[in-house]
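S.K.: Sharing a model prediction with you, sequence too.
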Number of protein chains: 2
Amino acid sequence: MSDKALAYAAGKQAQHLEHLKELIRIPSISGMSVHHPDVRRAAEWLANHLKTTIGFGNARVVEGVALPLVYAERIIDPKKPTVLVYGHFDVQPIDPIELWNTAPFEPTLVGDSLYARGAVDDKGPMLAALKALESLLATDGLHLNIKILLEGEEESGSESISAYVSTHPAELACDYVLILDTGMVDKDIPTITHSLRGMTYVEITAHGAKGDLHSGGYGGIAPNPLQALAWVLADLKGRDGHINLPGLYEMLRPLTPTDKAILDRQSVERGPAMLAAAGLQSFPGEQQYSAMERMTSRPTLEVHGIIGGFIGEGSKTVIPAEAKAKVSLRLAPGQESVKVYELLKKRVLALAPDGVTMDVVWLNGGEPLLLPLDAPVLQIAAQAYGAEFSAPVEFVRGGGSIPVAALFDTKLHAPSVMLGFGLADDNVHAPNEKFHLPYYYTAIRSCIRFLSKLGA
Amino acid sequence: MSDKALAYAAGKQAQHLEHLKELIRIPSISGMSVHHPDVRRAAEWLANHLKTTIGFGNARVVEGVALPLVYAERIIDPKKPTVLVYGHFDVQPIDPIELWNTAPFEPTLVGDSLYARGAVDDKGPMLAALKALESLLATDGLHLNIKILLEGEEESGSESISAYVSTHPAELACDYVLILDTGMVDKDIPTITHSLRGMTYVEITAHGAKGDLHSGGYGGIAPNPLQALAWVLADLKGRDGHINLPGLYEMLRPLTPTDKAILDRQSVERGPAMLAAAGLQSFPGEQQYSAMERMTSRPTLEVHGIIGGFIGEGSKTVIPAEAKAKVSLRLAPGQESVKVYELLKKRVLALAPDGVTMDVVWLNGGEPLLLPLDAPVLQIAAQAYGAEFSAPVEFVRGGGSIPVAALFDTKLHAPSVMLGFGLADDNVHAPNEKFHLPYYYTAIRSCIRFLSKLGA
């Protein structure tokens, strides 16, 4: 039932490319206030394009607490599933500009690669999803409910969409979210990200004397907050990679044998390249688990920075009054960020040595995500998307977080279906970003197939 | 046999004060290159003063590798003891200038306090030692050999004197060094510093992956150099204050029962004030030793700073490729800085966790010093100096280092006799530095008595 839509998309490739180029030419860098008018222009362009070309007459720019969002919807039948299509129209800055081979905001096709800032992150994949909607509406029709929510702050904190989703759960209510903003494990390997880790990010402060001291006058008797942090951090995580936080591992949702087998296989396949990329001989830590299991489905505790004392050149003998550590735990499915924060805080306070008081302040966090492999929607997505490739769909668990996916999960209780069209060498967030252009059309077709099947 | 000299000094007080004021008016700030001509002027003033007023016809300015030194000598009999008189004529900067109540380089007497930058550190005490020589030469004569070596870089690294002493050990050969540049434990308590700690200051670098990684992509599998430093630092020093460096404590020279009794008494007397000054309830660490023993006669290992990763505001999830820790050990008598460095390096390399390589680089160091309480020269000094006070002489071990004293000990094998005339509230290195002026004359008399007795 998607043949007409697929034919429509095939006939419109040149036009769909032109539309993408138009959008790319708007330098919508959300991280630079001088470009905020461009972010707004991109929002207006999209709202207008949804109205006039895609077929969503009610599309509108929605004012956010910071930058604008774009919203549109087409509700045909409350009994049909509702899919929320998400994408972001803002882009990263272009520095260092001298490393670009082409003008960053003039999309330039070299072979199959369309070079431009935002080409793959996320204007190309985002517009592909909309072009799938256009193709269906122009031909076979849309047989499910669609909501579209696009943001212009993904590269700078997603403040507006976070506020909007939190305050509009009824308007945004949906069964699934469709996100085209992830990558592929390799070229021509269709890749669905079905799990992400959550995070608990804290700052631990150790307080010693009321002011900085000198080790000539107090060395050997005064508490040293940096040493105290070393004791606490060494206690929190052992050399075997085990995190000493009673209750932490009990929260973990166990992997199915299938999950585990996939991760084991991926560790064998991807481990050597990951080692080489990092310049490492081996991965230290929990040797009883495969690398990919540890990287995606086990919690990790990492120290990101330690603040305090003397860090200039040469030697000063200060015993600082205070020192801070930036520490995060990545959380695997089943682990709740606030509960982990409470475990961590309790443990750190208990580990504080004599003469040192400790504070643990929540900085940031989010929940892990998991769309189980046997979820019907995932099977439908895999079938639709996989039809475009000769290799079987690869299901990956991500080690990082996609905050907006966590947001949809937490606030709307809707799982995100994440179809990947980015390649490892696409230079995301770097000079010479590109999009493998054939995947623009593949993405359109994949979404046509997915939405057709889901509405069938 | 010092009566005439003492009478001379008594009669010359007004003139000696005028000479001190002249010297103070030269703003010889060695840490500011704009004042380097003033440092030279101070050197020239002193060389001239030694020639024309003190009685050292051969006094001269010696060019140093950086700023000039002043040298003079009077050798009467190789069989008599030789005393090297040391002092420094450079001063600290005066910032923040707005906190001074009087002009920093216009010596101003308020009650018994002579306010000026350099008044107590070290122009007043240094000139007092020279005025003792003047008093003796003008009356009873000097019955021992005197060498005078004054520097103008004590406040900025002592580069010139370090080079000069290292290359002129024969010219500077002496039995004792007389230094008037230390403090008193309290007003009217004559205080001799007879021991100082040495130091081994290193930078420990932990290397992990070849570049910074992201904990979303590598958290749980990559080595984390900050975590590695935490493990190493936690291993190096236990919560009980014990330093886990095999061989370290074996080098310690044991305290005599007298030493220990003094430190125990001083801990009772001075401990509460030290706690209050630091805003602490107690001193954590080696509870089996008194606070003053730990602070002066036990080694300490202190972390002064940790460099690496993200230390800005908010949360970034970097796993740094490299992290460094600035670490020092203060060393107690018996412990040699280079041997301790070797122990430390060996231990740190052994403690490096899987996937992390460690470097330990020597940054700075020096030897501990000890002039035993029963050393005859110390007894003579105590008798001479103590005659000026009603309270008995207090012998203190310092927890810090005086690099130049370590230099004389190492290069000339001459112990330093350090008579203190500074008070805790003299604002050394701070605005409103002052010198308790009666101690200028006390210092002159103490040195007259000491040098007379030593030459007798």
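M.R.: Yep, it's here.

S.K.: Next up, the contacts around the residue in the stretch 151-300 of chain A that chain B sits nearest to.
M.R.: Nearest to chain B in the stretch 151-300 of chain A, going by CB to the nearest CB, is residue A:216, at a distance of 2.3 Å. All C-beta spots, glycine's among them, are computed from the backbone N, C-alpha and C. By CB atoms under 8 Å, 6 or more residues apart in numbering or on different chains, the contact set of residue A:216 is A:317, B:197, B:330, B:398, B:399, B:400, B:401.

S.K.: Most widely separated two among those residues?
M.R.: A:317 and B:398 (13.3 Å; CB to CB).

S.K.: For the stretch 101-250 of chain A, what lies in contact range of chain B?
M.R.: Remark: the part of the stretch 101-250 of chain A in contact with chain B comprises A:197, A:199, A:201, A:208-211, A:213-224, A:226-227, A:229-231, A:233-235, A:237, A:239, A:241, using CB under 8 Å from any CB of the partner chain.

S.K.: What subset of these is buried?
M.R.: A:197, A:199, A:201, A:208-209, A:213, A:215-224, A:226-227, A:229-231, A:233-235, A:237, A:241 (16 or more other CB atoms under 10 Å in any protein chain shown).

S.K.: Could you report the neighbour count for residue A:204?
M.R.: Burial of residue A:204 is recorded as 26 neighbouring residues (other CB atoms under 10 Å in any protein chain shown).

S.K.: buried ones in the longest helix anywhere in chain A?
M.R.: If you go by DSSP state H, chain A has its longest helix at helix A:257-278. For helix A:257-278, burial by neighbour count (16+ other CB under 10 Å) applies to A:259, A:260, A:262, A:263, A:266, A:267, A:270, A:271, A:274, A:275, A:277, A:278.

S.K.: Now residue A:115, what are its backbone angles?
M.R.: phi -90, psi 130 (degrees, to the nearest 10).

S.K.: still on that earlier bit, helix, strand or coil: sort out the residue of the stretch 151-300 of chain A closest to chain B for me.
M.R.: helix (DSSP: H, G, I helix; E, B strand; the rest coil).

S.K.: What pLDDT is listed against it?
M.R.: On the pLDDT scale, residue A:216 is placed at 90.

S.K.: how close does it get to residue B:196?
M.R.: Relative to residue B:196, residue A:216 is positioned 9 Å away (CB to CB, to the nearest Å).

S.K.: So for these two, which residues contact both of them?
M.R.: Any residue near both residue A:216 and residue B:196 by CB under 8 Å, 6+ apart counts here, and that gives B:398, B:400, B:401.

S.K.: Return the distance of residue A:248 relative to residue A:242.
M.R.: Going from residue A:248 to residue A:242 by CB to CB gives 10 Å.

S.K.: neighbour-wise, which of the two wins?
M.R.: residue A:248 (21 against 15).

S.K.: Show the contacting residues for the more buried one.
M.R.: Contacts for residue A:248 (CB under 8 Å, 6+ apart) come out as A:299, A:329, A:335, A:340, A:343.

S.K.: try it again with 10 Å
M.R.: A:242, A:299, A:301, A:329, A:331, A:332, A:335, A:339, A:340, A:343, A:344, A:347 (CB atoms under 10 Å, 6 or more residues apart in numbering or on different chains).

S.K.: Also residue A:253?
M.R.: Shown in contact with residue A:253 (CB under 10 Å, 6+ apart): A:195, A:259, A:297, A:332, A:333, A:334, A:335, A:368, A:370, A:372.

S.K.: Check which element follows the helix or strand hosting the first one along the chain.
M.R.: Here residue A:195, judged by DSSP states H and E, is contained in strand A:191-196. In the C-terminal direction, the helix or strand that comes right after strand A:191-196 (DSSP H and E) is strand A:198-207.

S.K.: Which other helices and strands does that next one contact?
M.R.: On a contact count with 3 or more CB pairs under 10 Å, 6 or more residues apart in numbering or on different chains; DSSP states H and E, strand A:198-207 meets helix A:225-236, strand A:300-307, strand A:322-331, helix A:337-351, strand A:357-366, helix A:403-407, helix B:215-218.

S.K.: got the CA positions of the second one in PDB?
M.R.: Included here for strand A:300-307 are C-alpha records, laid out as PDB according to Å, rounded to 0.1, in the frame of the first residue of the first chain:
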ATOM      1  CA  THR A 300      29.700   3.400  34.700                       C
ATOM      2  CA  LEU A 301      31.100   5.900  37.200                       C
ATOM      3  CA  GLU A 302      33.500   8.400  35.700                       C
ATOM      4  CA  VAL A 303      35.400  11.400  37.100                       C
ATOM      5  CA  HIS A 304      35.300  14.200  34.600                       C
ATOM      6  CA  GLY A 305      37.300  16.800  36.400                       C
ATOM      7  CA  ILE A 306      38.700  17.800  39.800                       C
ATOM      8  CA  ILE A 307      38.800  21.500  40.900                       C
END
